[in-house]
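Asker: Predicted model and sequence follow; I will ask about them next.
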Amino acid sequence: MVNPLEVPPYLLQPLIPSITAGTVTCAQALGSEIYVGCSNGELLRYALHPDADPTKLDAYALLSQQSHPSGKQIDELILVPCIARALILCDRQVHIYTLPSLDLVPNTKTVRNVEVLAVDHNHLQRPASASLTTRTTSTSINLPSERGKNDAIDLCIIKRSTIAMYSLSEEKLTFTREIPFRPGALRAQRSGRHLCVATAEIYSVIDLVTAQMFELLPVTQVEGTAGAIKPHIIVISPSEFLLLSWTGGSTLGLFITGEGDPVRGTLEWPAHPVSACLDFPYLTTLLPNGTIEVHSVETQTIIQVIPAPKFGEGGRPGLVSCLAGYAVPSSECGDKMKKVKVRLVRSGEVGLKMDDKKVHEDQNEKMENVENEKDVDVPSVSI
């Protein structure tokens, strides 16, 4: 039996060698396209182009570049394939763009004074809209799709002292309700009726139906370090979150249900992760020293450790989870293939070989008949 530790599930593959338009602040990928937001408000769209040389890998190339009207840093970019939309958080405002072209959706109200944006994780996993899957250009690949699955999605927008709930369809953004909340939200994740929110001090979960809030655990258990430790919230399943808490000597990862109950075991890191992403059943984390650790969510054991990659001087690495998947040019399969000589048979020879085979089959059948007749003709004798 193969030891799973001997079969690493991940490898690093360069996709875009360099970006000169600005400093990258966020990125997402979908199908055969990569979307990048920069510190100077630039929005970049890359597409996978096939190489004319079959011995070379396909490569991502810049397809379009545009500037956000504010010219401010792009803080977050969320792709919603089921309605072919992208939500962009910039200058504390949420703007809605179309996919894949990144055109600003007309007649859609811009939401202002936004602290944190959280789209229902379950809705982000819906199949892609037909408008994305029916494209047949050379720069796109098909995505899983189901007709009738482009219903409106739900999202929460946390402002200074309130949580506003909206639904977003292809046509419009609709406000539904609002509940009060304390100031200081830094990060949030929504899964169904539960919204998990982190401030600099503590994680809390809110039932959006009953508007009840429960405090869960501190972001840091070391006095005087609040604000210096980055909170991490990862949706594991429709009713389960993973929360990371710094203890002073290590970071613990606790699995919590939407009702606040602990489940599974506990994860542990020697330092507080810079980034954390889920690709079930694996959890991938980037540590301050640049190494990448891969844990199994089901067993809480380390599956793989990837040495720190070289990002160049001044590079600030980060991990991003792309829920709908994307294309990665790789030579892994090609490296494992080799040329094999195959003997070609002329068409005439194929006919002769088939005729010979038929003759042999007929002869064998006649011999079997003769043997059967001999058995019948010999009388049975018993003494």
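Answerer: Nice, I can see it. Residues are numbered from 1 along each chain as shown.

Asker: The stretch 151-300 of the chain: helices as residue ranges?
Answerer: Assigned by DSSP state H, counting those that start in this stretch, the stretch 151-300 of the chain shows no helices.

Asker: For it, just list every one of the strands.
Answerer: Counting by DSSP state E, counting those that start in this stretch, the stretch 151-300 of the chain has strands at residues 153-158, 162-168, 173-180, 187-191, 194-198, 202-207, 212-218, 233-237, 240-246, 251-257, 262-269, 275-279, 282-286, 292-296.

Asker: Check those for me and report the most buried one.
Answerer: Highest mean neighbour count among the strands of the stretch 151-300 of the chain (mean count of other Cβ atoms under 10 Å): strand 194-198, with a mean of 25. To be clear about C-beta, it is placed using only N, CA and C from the backbone, and glycine gets the same treatment.

Asker: what's that one packed up against?
Answerer: Secondary-structure packing of strand 194-198 (3 or more Cβ pairs under 8 Å, 6 or more residues apart in numbering; DSSP states H and E): strand 187-191, strand 202-207, strand 240-246.

Asker: Partner strands of that strand, with direction?
Answerer: According to DSSP bridges, strand 194-198 forms sheet pairs with strand 187-191 (antiparallel), strand 202-207 (antiparallel).

Asker: Let's have these in a markdown table, adding mean pLDDT.
Answerer: What follows is these, written out as a markdown table (pLDDT from 0 to 100):
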| stretch | mean pLDDT |
| --- | --- |
| strand 187-191 | 98 |
| strand 202-207 | 97 |
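
Asker: got the ones you listed as a markdown table, with distance to residue 322 columns?
Answerer: Formatted as a markdown table, these follow (distance: least, Cβ to Cβ, whole Å):
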| stretch | distance to residue 322 |
| --- | --- |
| strand 187-191 | 16 |
| strand 202-207 | 25 |
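
Asker: And the ones you listed: which comes nearest residue 289?
Answerer: Proximity to residue 289, assessed across these by Cβ to Cβ, is greatest for strand 187-191 (22.9 Å).

Asker: List of residues touching that closest one?
Answerer: Applying Cβ atoms under 8 Å, 6 or more residues apart in numbering, the contact partners of strand 187-191 are 116-122, 154-156, 158, 195-198, 208, 231-235, 237-241, 258.

Asker: Flag the shaky bits of this protein, pLDDT-wise.
Answerer: When residues are selected by pLDDT under 70, those of the chain lie in 1-8, 133-150, 312-315, 331-338, 347-383.

Asker: at 50 instead, please
Answerer: Along the chain, the model assigns pLDDT under 50 to residues 1-2, 4-5, 136-142, 144-148, 350, 352, 359, 370-383.

Asker: Excluding covalently adjacent residues, which one is nearest to residue 264?
Answerer: Leaving aside its chain neighbours, residue 264 sits nearest to residue 255 (4.2 Å; criterion: Cβ to Cβ, 6 or more residues apart in numbering).

Asker: got it, and residue 292?
Answerer: Closest residue to residue 292 apart from its sequence neighbours, by Cβ to Cβ, 6+ apart: residue 306 at 4.0 Å.

Asker: next one: residue 293
Answerer: The shortest distance from residue 293 to any non-neighbouring residue, by Cβ to Cβ, 6+ apart, is to residue 285 (5.2 Å).

Asker: so who does the one you found touch?
Answerer: Residue 285 is in contact with 269, 273, 275-277, 292-295, 319, counting by Cβ under 8 Å, 6+ apart.

Asker: repeat that for 7 Å
Answerer: Going by Cβ atoms under 7 Å, 6 or more residues apart in numbering, residue 285 touches 269, 273, 275-276, 293.

Asker: do the same with residue 79
Answerer: Residues in contact with residue 79 (Cβ under 7 Å, 6+ apart) are 28, 30, 86, 99.

Asker: can you put the residues you listed in CSV and add neighbour count, distance to residue 62 and secondary structure?
Answerer: What follows is the contacts of residue 79, written out as CSV (neighbours: other Cβ atoms under 10 Å; distance: Cβ to Cβ, whole Å; DSSP: H, G, I helix; E, B strand; the rest coil):
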residue, neighbour count, distance to residue 62, secondary structure
28, 20, 16, strand
30, 25, 16, strand
86, 23, 17, strand
99, 22, 17, coil
